[in-house]
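Engineer: Sequence and predicted model, in that order:
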Amino acid sequence: MVCNVPSQNASSVLRRVFTLLGGARHTFILLFFVVLTASGIDIAVPFLTRQVIDRLVDSLKHSSSSTFTTLITSAAFIFAGTIVTRVLRSVYNYRLFKAVAKIEDRIKTAAFANFLRLDTAFHTRANSGEIIGSLDRGGTAVFVILYEVVGQNLVPPMIVFIGVLAVLLSKNPWIALSVFLPVPIYLLIVGRLTGKMNLLEHEISRGFEAVSKESYDIASNVATVKKFSQEEREAETQTSLLVKARTPQLYGERTWACVENVQTLVAAAGRVAVLALGAAFVLNGKCTVGECVLFIALQDLVYGPINQLSILLPKLRRNAARAQSLFEVLDQRSSVIDKPNATPLQPLQRCIEFRNVSFRYGGSSRWALKNVSFKVQAGSTVALIGKSGTGKSTLVNLLLRCYDPQQGAILIDGRDIRSVTQDSLRKQIAVVPQEVDLFSRTVSENIAYGNDSARADSISEAARLALAEDFILRMHRGYASQVGERGLSLSGGERQRIGIARAILRDPRILVLDEATSHLDADSEQKIQQATEELADGRTCFVIAHRLSTVRNADMVIVFGDNGIEAIGAHSELWSISPTYRTLYSLNMDLGAAKEAFSEPASEPDYEELAPISRVA
Ligand SMILES: Nc1ncnc2c1ncn2[C@@H]1O[C@H](COP(=O)(O)OP(=O)(O)OP(=O)(O)O)[C@@H](O)[C@H]1O
Ligand SMILES: [Mg+2]
């Protein structure tokens, strides 16, 4: 995984899982007493059986009138005891299930919420399929550890184990020794394999995570897989990844098969010893037949659950490894955080300033932006133009605090944006990104995203302004139509218009249009530009564009060249100082050159000339 928190060993993961019980301490204490009572009754039942047998043996020797009464009373007690213990165990199981399911939900939600809070750098590195898979498996692992392994198969048998040990020690230490002596031998053998199995479990876990990461990646790119006829190949990749994941798993299973056999041998030896000793004591007159049967029954009470240990211990380790992956997501810290004394940012009034800002992406030695300084007056429009990959999106991402710059500062009305709350900063900004991501929800929910209180009429007004209403109303269920996974049932242009409507509805102080019309045809682009110009009115706008015509109304233009920002200024200033600007201007003119030949102006261009070829009125 991409998490870079230190990994913990199985025992510290288990300790951490147990601390989760703390939140419902009283419930678990109560449940402990319930299972204690049930176990006490379980241990008492063989004593009643002993009484029945001894009475029977007695009555065979000397006939007694009270034998029948004793038998009936004992049978009634055994029956009642069985019912009570069953009911108590049902209550215990249900209450435990409820409490542990709550813990599972809480920890999974907390890890998911933390995943959402993490910074953009983490999300860019992370594989969401892998993370979501590990949260799911981690949550289930916490449940399995607390409910299945500990709650069901360790605590109740442990109580019985201690109870039987105490009873046997007081009644017959030799029998106690033969019942319990094999247990440490067995634990020693299993324990020796623990370290080895631990490493194997991690390897297995990593193997299956790789499978789910790959399958998520393939599933989310299924259209590309089909277009390139790679179905067979991708299926083969899945098979080979699964084979790779299964290899350590099979090795682990073989190891545990050996352990199981050793364990059966040890348990069988213990059983034979109890039988032999018990029989010898009966023959020597040191105990009754009933007591001999009691010892065998008590031994069964202890050995049944101990046999489970060979299944439980690997299960515990496997699930500890899975829970660890969840804790890693939970412990991951964002590098973009609100300072403890951060206060809300007031609505933008005066200006946005980039002051000597330098930024490079983690792991990259190249500055994406180097020493950038400029000021934007509130209410004005800034155009960011230039070649692909020169840092335009990076600049607006810094404004949104998707990342923090390594040097310099970004100030809004004189306040460093690192000293304000991220929520208040982002509430003032709406972005129409290059690729609009939609949720698998209705059109209306997508437009109103981040704006829960939006009314239906304002949603349709926003859609109308974004020129989206026509195609929305043509859809099967209009605004209530589902847009499919990531909005893939819509065209690129339609998705973009929904993105624009979403920004309109947000009514932001600062608007960022990152190639917001790149998927649109010339006619729609022109109309959308009119709409966005209306939207831009009275707001501060950052417009990223590849075509100069898109930004001819900008008050300020930032030109990105091959080596960072090449020039900053008004249109009229840039012709003479920026080669990139001149190239873009010429390209823009070439579009119109089909109509009339154009020769590069010798001096400052006439911006009115752009009008006939630009798509903006
Ligand atoms: N998450 C990232 N990690 C590392 N490098 C990145 C990351 N995002 C962008 N870059 C690099 O930073 C540089 C600037 O990228 P940016 O996305 O800002 O370019 P752009 O000007 O918006 O390009 P385009 O016009 O194609 O959208 C590019 O070289 C890009 O490869
Ligand atoms: Mg970009």
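Structural biologist: Nice, thanks for sending it over. Numbering: from 1, shown residues only. Ligands and ions are numbered 1, 2, ... in the order given.

Engineer: Quick check: next helix or strand after the one helix or strand residue 431 maps to?
Structural biologist: Per DSSP states H and E, residue 431 falls inside strand 429-432. Using DSSP H and E, the next helix or strand after strand 429-432 towards the C-terminus is helix 443-447.

Engineer: In the stretch 51-200 of the chain, what residue spans correspond to helices?
Structural biologist: Using DSSP state H, counting those that start in this stretch, the helices of the stretch 51-200 of the chain run over residues 66-117, 120-125, 128-143, 153, 155-171, 173-180, 182-192, 194-220.

Engineer: Of all these, which one comes closest to ligand 1?
Structural biologist: With respect to ligand 1, and counting by C-beta to the nearest ligand atom, the nearest of the helices of the stretch 51-200 of the chain is helix 120-125 at 4.2 Å. C-beta here means a position set from N, CA and C on the backbone, and glycine is covered the same way.

Engineer: helices or strands up against the closest one?
Structural biologist: Helix 120-125 is packed against no helix or strand, with contacts defined by 3 or more C-beta pairs under 8 Å, 6 or more residues apart in numbering; DSSP states H and E.

Engineer: what comes up buried for it?
Structural biologist: 121-122 (16 or more other C-beta atoms under 10 Å).

Engineer: Pull that helix out as PDB, backbone CA atoms only.
Structural biologist: Backbone C-alpha positions of helix 120-125 (Å, rounded to 0.1, in the frame of the first residue of the first chain) are rendered in PDB as follows:
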ATOM      1  CA  THR A 120      -4.300  15.300  -2.900                       C
ATOM      2  CA  ALA A 121      -0.700  14.000  -3.000                       C
ATOM      3  CA  PHE A 122      -1.800  10.900  -1.100                       C
ATOM      4  CA  HIS A 123      -4.900  10.400  -3.300                       C
ATOM      5  CA  THR A 124      -2.800  10.700  -6.500                       C
ATOM      6  CA  ARG A 125      -0.300   8.100  -5.200                       C
END
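
Engineer: ok, residues contacting it?
Structural biologist: Here helix 120-125 makes contact (C-beta atoms under 8 Å, 6 or more residues apart in numbering) with 2, 332, 334-336, 361-362, 397, 402-403.

Engineer: Kindly report the same for stretch 49-62.
Structural biologist: By C-beta under 8 Å, 6+ apart, stretch 49-62 touches 64, 67, 70-71, 74-75, 78, 288-291, 293-294, 297.

Engineer: Tell me if I'm right that residue 456 and residue 444 touch.
Structural biologist: Yes: Residue 456 is within contact range of residue 444, at 7.2 Å (criterion: C-beta atoms under 8 Å).

Engineer: Can you work out which residues contact both of the two?
Structural biologist: What both residue 456 and residue 444 touch, as defined by C-beta under 8 Å, 6+ apart, is the set residue 479.

Engineer: In terms of neighbours, single out the busier of these two.
Structural biologist: Between residue 456 and residue 444, residue 444 has the larger neighbour count (other C-beta atoms under 10 Å), namely 19 against 10.

Engineer: re the thing from before, figure out which of the helices of the stretch 51-200 of the chain is closest to residue 302.
Structural biologist: Residue 302 lies closest to helix 155-171 among the helices of the stretch 51-200 of the chain, at 5.2 Å (C-beta to C-beta).

Engineer: buried stuff in stretch 236-251?
Structural biologist: For stretch 236-251, burial by neighbour count (16+ other C-beta under 10 Å) applies to 241-242, 245, 248-249.

Engineer: so can I have TSV of those residues showing pLDDT, secondary structure and distance to residue 110?
Structural biologist: Formatted as TSV, the buried residues of stretch 236-251 follow (pLDDT from 0 to 100; DSSP: H, G, I helix; E, B strand; the rest coil; distance: C-beta to C-beta, whole Å):
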residue	pLDDT	secondary structure	distance to residue 110
241	91	helix	30
242	92	helix	31
245	90	helix	28
248	88	helix	31
249	87	helix	30
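
Engineer: Nearest to residue 473 among those residues?
Structural biologist: residue 241 (45.9 Å).

Engineer: Surely the closest one touches residue 210?
Structural biologist: Yes: under the criterion of C-beta under 8 Å, residue 241 makes contact with residue 210 at 5.7 Å.

Engineer: Run through the bridge partners of the residue of the stretch 451-600 of the chain at minimum distance from ligand 1.
Structural biologist: Distances between the stretch 451-600 of the chain and ligand 1 by C-beta to the nearest ligand atom are smallest at residue 560, namely 6.0 Å. In this entry, residue 560 is beta-bridged to residue 386, residue 565, by DSSP bridges.

Engineer: Pull the number of nearby residues for it.
Structural biologist: The number of residues packed near residue 560 is 24, by other C-beta under 10 Å.

Engineer: so it makes contact with residue 581?
Structural biologist: No: if you go by C-beta under 8 Å, residue 560 and residue 581 don't touch, sitting 10.3 Å apart.

Engineer: Low-confidence stretches in the stretch 1-150 of the chain?
Structural biologist: 1-8, 63-65 (pLDDT under 70).

Engineer: Doesn't residue 409 belong to a strand?
Structural biologist: Yes: assessed by DSSP: H, G, I helix; E, B strand; the rest coil, residue 409 belongs to a strand.

Engineer: For it, report the pLDDT, please.
Structural biologist: At residue 409, the model reports a pLDDT of 94.

Engineer: I'd like to know how far residue 404 sits from residue 410.
Structural biologist: Using C-beta to C-beta, to the nearest Å, one gets 9 Å for the distance from residue 404 to residue 410.

Engineer: who's more crowded, those two?
Structural biologist: More crowded of residue 404 and residue 410, by other C-beta under 10 Å: residue 410, with 22 against 16.

Engineer: thinking again about what came up before, now render the buried residues of stretch 236-251 as TSV, adding distance to residue 417.
Structural biologist: As requested, those are exported to TSV (distance: C-beta to C-beta, whole Å):
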residue	distance to residue 417
241	43
242	47
245	45
248	48
249	49
